[in-house]
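# Need coordinates for the following:
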Amino acid sequence: MSVEDKKRLGRRFFKGYTKLVESKYWYNHYVALIFGASPASNLGSLIAIDWKGDELISVTRFLGNNDNVKLYLGRNPETNMHELWLGLIGLDGDGSEFIIQSRESIDLDSKTVETLPSYLKVISIS
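Numbering: from 1, shown residues only. Coordinates of the predicted model:
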């Protein structure tokens, strides 16, 4: 399944950390709406993301105030790629994505991991 196929479906996310997208360039865009709840029984947060592929990112929370839904950004020293990750860090978690635009490398089969890579730092969500 291609990114174009996933634009309407998006991806599902669960407890842990998942790489959303990676980019080598500053001029690419990843624009998406992310919904996350962690723990899944709590009210969730709806977040809009506009990422240009490096440290330039705009994040807005539309609704909800779930502090266990976090975004992380950093450069992977092994690949020299900028990476954007989602964290659902409560007892459990449930989330989904609606991709609006992407010229980035999206790993559609990205696995959720329990430990966040050390090169990532948390992004403030306003």
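# Quick one: the helices in the protein, in order.
3-9 (DSSP state H).
# For it, which segments are assigned as strands?
Using DSSP state E, the strands of the chain run over residues 12-14, 16-23, 30-37, 45-51, 57-63, 69-76, 81-88, 94-102, 121-123.
# So in terms of bridging, what pairs with the closest residue in space to Ser102 that isn't next to it in sequence?
Excluding its sequence neighbours, the residue lying closest to Ser102 (C-beta to C-beta, 6 or more residues apart in numbering) is Tyr30, at 4.9 Å. Glycine gets a C-beta too; all of them are placed from N, C-alpha and C. Beta bridges link Tyr30 to Trp51, Ser102, judged by DSSP bridges.
# re the thing from before, turn the strands of the chain into TSV, including distance to Lys111, mean pLDDT and mean neighbour count.
Shown next, in TSV, are the strands of the chain (distance: least, C-beta to C-beta, whole Å; pLDDT from 0 to 100; neighbours: other C-beta atoms under 10 Å):
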stretch	distance to Lys111	mean pLDDT	mean neighbour count
strand 12-14	10	92	16
strand 16-23	8	93	22
strand 30-37	17	94	21
strand 45-51	20	95	20
strand 57-63	23	94	13
strand 69-76	16	96	20
strand 81-88	12	95	23
strand 94-102	15	88	19
strand 121-123	21	96	13
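# And these: which comes nearest Ser110?
In terms of C-beta to C-beta, the element of the strands of the chain nearest to Ser110 is strand 16-23, at 5.0 Å.
# Keeping just the C-alphas, turn that closest one into PDB.
Only the C-alpha atoms of strand 16-23 are listed here, as PDB (Å, rounded to 0.1, in the frame of the first residue of the first chain):
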ATOM      1  CA  GLY A  16       5.100   3.400  23.000                       C
ATOM      2  CA  TYR A  17       7.100   5.400  20.500                       C
ATOM      3  CA  THR A  18       6.600   5.300  16.700                       C
ATOM      4  CA  LYS A  19       8.500   7.100  14.000                       C
ATOM      5  CA  LEU A  20       6.100   9.100  12.000                       C
ATOM      6  CA  VAL A  21       8.400  10.400   9.200                       C
ATOM      7  CA  GLU A  22      12.000  11.100   8.300                       C
ATOM      8  CA  SER A  23      13.700  13.600   6.000                       C
END
